[in-house]
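J.: Give me coordinates for this.
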Amino acid sequence: MGDQHVTSGDAEFGVSDIREKHICQVKNNIHHIVSKEIRTCIDSIHVMGSLAEGTGTRGESDIDIRVVTTGLVRNEVIEELQTKFRHDYDNFTPPDCTYIDLYITPLHPDETESSEKI
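T.: Residues are numbered from 1 along each chain as shown. A predicted model of the protein is given here:
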C-alpha cells in the first residue's frame with residue numbers, strides 16, 4: 001500500500017493506516033459479492049477519496065471503493081449493491097471506517113482523482 005499521509009488535526013489516516021489484512025478482506029469480499037451480481041468481469045478495485053489522499057478522519061471517514069469493470073452494469077444492480085454494502089455488509093468495513101461506499105464503473109478512474117489500486 002502507498003504511504004500518502006496528510007495530518008488532520010492531531011491524527012493522520014489513510015489507506016496505509018488500515019492493516020493489510022483488512023484491505024485484502026475488503027478486496028476479496030467485494031470481488032466475491034460483486035462478481036456474482038454483475039454480468040461482466042472486474043478489471044480492478046481501488047480505494048478513492050479521503051483515505052486514498054491520506055486526509056481521512058479515524059472513526060468518521062467511510063472507505064470509498066471503485067470497482068472498475070470490463071463492461072456496463074445496470075444502474076439497478078449498482079444501486080442494490082451500494083445499499084447492501086452500506087447496510088447489510090457492514091461487517092466487511094475495516095476498523096476505524098464508518099462504512100463502505102461502493103462505486104462501479106466500466107471506465108478507469110479519472111487520473112486526476114486520487115485513488116490507490118488494492
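
J.: What separation do you get for the nearest residue to Gly59 once chain neighbours are set aside and Ile18?
T.: Counting by CB to CB, 6 or more residues apart in numbering, Asp96 is the residue found nearest to Gly59 once chain neighbours are left out, at 5.6 Å. C-beta here means a position set from N, CA and C on the backbone, and glycine is covered the same way. Asp96 sits 7 Å away from Ile18, going by CB to CB, to the nearest Å.

J.: check contacts around the residue nearest to Gly59.
T.: Phe13, Asp17, Ile18, Arg58, Gly59 (CB atoms under 8 Å, 6 or more residues apart in numbering).

J.: just checking, it is part of a strand?
T.: No. Asp96 is assigned coil when assessed by DSSP: H, G, I helix; E, B strand; the rest coil, not a strand.

J.: Torsion angles phi and psi at it?
T.: phi 70, psi 0 (degrees, to the nearest 10).

J.: about what we covered before: a markdown table for the contacts of Asp96, including distance to Asp88, pLDDT and secondary structure?
T.: Formatted as a markdown table, the contacts of Asp96 follow (distance: CB to CB, whole Å; pLDDT from 0 to 100; DSSP: H, G, I helix; E, B strand; the rest coil):
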| residue | distance to Asp88 | pLDDT | secondary structure |
| --- | --- | --- | --- |
| Phe13 | 25 | 81 | strand |
| Asp17 | 26 | 79 | helix |
| Ile18 | 21 | 83 | coil |
| Arg58 | 24 | 88 | coil |
| Gly59 | 21 | 89 | coil |
